[in-house]
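Undergrad: sequence plus predicted model, see below.
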2 protein chains.
Amino acid sequence: MYNYSISINMEKINIADKLSQFSDYFNPRIAGELNGQQVKLVKFKGEFVWHHHDNEDELFYVVKGSFDMHLQHKVITVNAGEFIIMPRGVEHKPVAKEEVEIMLFEPATTLNTGNIKNEMTVEKLKKI
Amino acid sequence: MYNYSISINMEKINIADKLSQFSDYFNPRIAGELNGQQVKLVKFKGEFVWHHHDNEDELFYVVKGSFDMHLQHKVITVNAGEFIIMPRGVEHKPVAKEEVEIMLFEPATTLNTGNIKNEMTVEKLKKI
């Protein structure tokens, strides 16, 4: 399915170290891979695009800061030390008034903008 | 495959709140579920059992404290804010000198003691 010797790192990963290596927003980096899923690190600031994922559930864990997850009928503020799971098919839009640092856990097939393609879409993620 | 309306919680999860609800060691609770994977919260103190998982990779993210991941040829100390991925098939033994709080990401099929069954095996995990 995929090559474990390449894709899985037996060293520990320090999240703050990895997050200090980039400063752009809405551009996730791959920090780990297991069971066909990826651990991604990303910074948000500002407003993302409304979208959903047809085949992937997504977990957003806030490392530092906070952001608002906009859903069709409510807004959930997710703070440091909290996570939220977006089930497949659910329309959502993350909005961060200030910079927020996030760890994502989702299938390797997940496109950041889901069913939408625009200037915020990142097709090929960098590893970090 | 599984029932999203039951298994996926659209509310956010506060990890510290969940961790404050139990105090026993090596007894993981299920805090979230997505893509056939589970997010588990667990406290370690003391020495676990040497084991491996035939079909599951496991991620250990340290929320608070630190622990030593013993491998066959080395020991990796994993501190708060760090994670380590144990690929399937790799023998490992977590040891925590002091209490450590951990978030696990792994397939729903994962048994805590892997290929070993003993008094530390937890067959049916509680949700939290």
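TA: Noted; the coordinates are in hand. Everything quoted here is computed from the prediction, not taken from an experiment.

Undergrad: can you pull out the low-pLDDT segments for chain A?
TA: A:1-9 (pLDDT under 70).

Undergrad: what residues does it put near chain B?
TA: Residues of chain A lying near chain B by CB under 8 Å from any CB of the partner chain: A:4, A:8-16, A:32-35, A:37, A:39, A:56-59, A:63, A:69, A:71, A:76, A:78-79, A:81-85, A:87-88, A:90, A:105-107. Yep, even glycine has a C-beta here, placed from its N, CA and C like the rest.

Undergrad: so what sits opposite A:Gly32 in the bridge?
TA: In this entry, A:Gly32 is beta-bridged to A:Val39, by DSSP bridges.

Undergrad: that older thread, sort out for me which of the residues of chain A next to chain B are in strands.
TA: By the criterion of DSSP state E, membership of the residues of chain A next to chain B in strands covers A:13-14, A:32-34, A:37, A:39, A:58-59, A:63, A:69, A:76, A:78-79, A:82-85, A:105-107.

Undergrad: what about A:Pro87, how many neighbours?
TA: The local packing of A:Pro87 (other CB atoms under 10 Å in any protein chain shown) involves 20 other residues.

Undergrad: right, and it touches A:Glu56 too?
TA: No - applying CB atoms under 8 Å, one finds A:Pro87 not in contact with A:Glu56, separated by 9.4 Å.

Undergrad: ok, now which ones touch the residue nearest to the spatial centre of chain A?
TA: Using CA atoms, centre = their mean, the residue of chain A that lies closest to the mean C-alpha position is A:Leu104, 3.8 Å off. For A:Leu104, the contact set (CB atoms under 8 Å, 6 or more residues apart in numbering or on different chains) comprises A:Pro28, A:Gln38, A:Val39, A:Lys40, A:Leu41, A:Val42, A:Glu58, A:Leu59, A:Phe60, A:Tyr61.
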